[in-house]
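Trainee: this one's structure only:
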């Protein structure tokens, strides 16, 4: 690969020894590593790092055990349905986005457990708060999405990232995970941003359809029974309502990451829909460009919405929000009580001085009701 991608790509395997030494010498990384592997002396972890010759070896030695421990301790299991006809190909998994770290992390665990490879991950540079985080994610097969640039530089950066992703799929034969939008959908109303598809269509050859078909897009649905960050998202909704200029701080990002990692998730399900290439090929290439992107975004959304795994709490939330019992056949009274208790416990964690309980509760109910609403609409089509 040429040096064009040097700033944004994951490390090459031959670069790892030098990066390991930089991390080992970093006191902040040392502190995090010891916390992630309690009871293991740091010197032993350093020795284990130096023994990893490839990114995949590092992932299997460190990332995989941490993620499987999170599955065991903070969830009631993580499952996968994979509808891809050829499960050995390289795909761009365009996914709804619930958790900053675990969406792509759990996907890699599930793919490895079913005999596949880990994915490369698109990650925004706004999350790379410390130098050790940037190094660690690049060892972990992440490539960097540069944000907050002036318009001209943003266009150049998007073009370079698109070329890198096309190279990764076509030459490296390596699958990619990318969120369907910038940031998480705080209200769980998952929609693909046309801008993501426009970025993907910069690289490659041919017309827009050809370029997107070269990316082998496979829509991915992620369903968490409980979102540990739901109260933080509701908190942010009120802050933005009351203070329109509110922006999350670095400390807020770190709190979201930590809460998402360690908080209870209940059951978690991943569903990979079939690759959409045949449906892209059927689109009229003479269609106006903006209409084409809108049609493809809607197609991906429909597949994501169809693939949701719904839980009792989704039905309870929809009934509570509407003040009805339309979905009462989908949950028991015990399940309804459990969700209401959970909701009250999460709301109690919000410590705003001018806390608007009614608004916050409504926002949290929307987070759990929206997947049901979108799923029902998608399966009608």
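Mentor: Looks like it came in fine. A quick note: this is a predicted structure, and the numbers were derived from the prediction, not measured.

Trainee: how close does the residue nearest to residue 279 when sequence neighbours are not counted get to residue 273?
Mentor: Distances taken as Cβ to Cβ, 6 or more residues apart in numbering put residue 299 closest to residue 279, at 6.1 Å, once the chain neighbours are dropped. For the C-beta atoms, the positions are set from N, CA and C on the backbone; glycine is no exception. Relative to residue 273, residue 299 is positioned 10 Å away (Cβ to Cβ, to the nearest Å).

Trainee: quick one: which of those two has more around it?
Mentor: residue 273 (22 against 17; other Cβ atoms under 10 Å).

Trainee: do you know how far the residue nearest to residue 279 is from residue 183?
Mentor: For residue 299, the distance to residue 183 (Cβ to Cβ) stands at 22 Å.

Trainee: what number of residues lie near residue 376?
Mentor: By other Cβ under 10 Å, the residues close to residue 376 number 14.

Trainee: Start the count at 56 instead of 1 going forward.
Mentor: Noted, 56 is the first residue going forward, which turns the last one into residue 431.

Trainee: which residues of this structure score low on pLDDT?
Mentor: Scanning the chain for pLDDT under 70 picks out 56-57, 436.

Trainee: Please list all residues in contact with residue 108.
Mentor: 68, 71 (Cβ atoms under 8 Å, 6 or more residues apart in numbering).

Trainee: So it: helix, strand or coil?
Mentor: Put simply, residue 108 is coil when judged by DSSP: H, G, I helix; E, B strand; the rest coil.

Trainee: try residue 274
Mentor: Residue 274 falls in the strand class when you classify it by three-state DSSP.

Trainee: what pairs with it across the strands?
Mentor: Beta bridges link residue 274 to residue 149, judged by DSSP bridges.

Trainee: Could you report the distance from it to residue 88?
Mentor: As judged by Cβ to Cβ, residue 274 and residue 88 stand 35 Å apart.

Trainee: More neighbours: the two, which one.
Mentor: Remark: of residue 274 and residue 88, residue 274 carries more neighbours, 27 against 20, as counted by other Cβ under 10 Å.

Trainee: who are the neighbours in contact with the more buried one?
Mentor: Counting by Cβ under 8 Å, 6+ apart, residue 274 touches 148-150, 327-328, 331, 355, 358-359, 362.

Trainee: need these in CSV with distance to residue 112, can you?
Mentor: Putting these into CSV (distance: Cβ to Cβ, whole Å) gives the following:
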residue, distance to residue 112
148, 23
149, 28
150, 26
327, 25
328, 31
331, 33
355, 34
358, 34
359, 33
362, 32
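
Trainee: Sort out for me which of those residues are in helices.
Mentor: Counting by DSSP state H, these place 355, 358-359 in helices.

Trainee: ok, what's across the strand from the closest residue to residue 64 other than its chain neighbours?
Mentor: With sequence-adjacent residues excluded and distances taken as Cβ to Cβ, 6+ apart, residue 64 is closest to residue 198, at 5.4 Å. Per DSSP bridges, the residues bridged to residue 198 are residue 177.

Trainee: Tell me, how many residues neighbour residue 198?
Mentor: Around residue 198 there are 21 residues (other Cβ under 10 Å).

Trainee: so residue 180 touches residue 197, yeah?
Mentor: No: taking Cβ atoms under 8 Å as the definition, residue 180 is not a contact partner of residue 197, at 10.5 Å.

Trainee: Tell me the helices and strands packed up against the helix or strand hosting residue 313.
Mentor: Residue 313 belongs to helix 305-317 when assigned by DSSP states H and E. Under the contact criterion of 3 or more Cβ pairs under 8 Å, 6 or more residues apart in numbering; DSSP states H and E, helix 305-317 touches helix 119-129, helix 285-297.

Trainee: ok and the first one relative to helix 305-317, angle-wise?
Mentor: Translated: helix 119-129. 80 degrees (axes from the mean of the first three to the mean of the last three Cα atoms, to 10 degrees).

Trainee: Which stretches in the stretch 56-205 of the chain count as strands?
Mentor: Assigned by DSSP state E, counting those that start in this stretch, the strands in the stretch 56-205 of the chain fall at 133-137, 147-150, 175-179, 197-200.

Trainee: For the first one, buried residues please.
Mentor: For strand 133-137, burial by neighbour count (16 or more other Cβ atoms under 10 Å) applies to 133, 135, 137.

Trainee: Format these as a markdown table; extra columns: distance to residue 84.
Mentor: Output for the buried residues of strand 133-137, formatted as a markdown table (distance: Cβ to Cβ, whole Å):
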| residue | distance to residue 84 |
| --- | --- |
| 133 | 27 |
| 135 | 31 |
| 137 | 35 |
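
Trainee: Which one, of the strands of the stretch 56-205 of the chain, ends up nearest to residue 106?
Mentor: Closest to residue 106 of those is strand 197-200 (Cβ to Cβ; 21.8 Å).

Trainee: And the contacts of the closest one?
Mentor: Against strand 197-200 from outside (Cβ under 8 Å, 6+ apart): 60, 62-65, 175-180, 183, 189, 193, 216, 219-220, 223.

Trainee: returning to what we had before: return the member of the ones in helices among the contacts of residue 274 nearest to residue 321.
Mentor: residue 359 (19.8 Å).

Trainee: okay but that closest one is in contact with residue 153, surely?
Mentor: No: applying Cβ under 8 Å as the test, residue 359 and residue 153 come out as separate, 11.8 Å apart.

Trainee: With neighbour numbers in mind, choose between the two.
Mentor: Neighbours of residue 359 and residue 153, each counted by other Cβ under 10 Å, are more numerous for residue 359; the result is 26 against 23.

Trainee: what's the distance between residue 137 and residue 117?
Mentor: Per Cβ to Cβ, residue 137 is found 25 Å from residue 117.

Trainee: From the chain's centroid, how far away is the host helix or strand of residue 277?
Mentor: Assessed by DSSP H and E, residue 277 sits inside strand 272-279. A distance of 9 Å separates the centroid of the chain from that of strand 272-279, by Cα atoms, centre = their mean, to the nearest Å.
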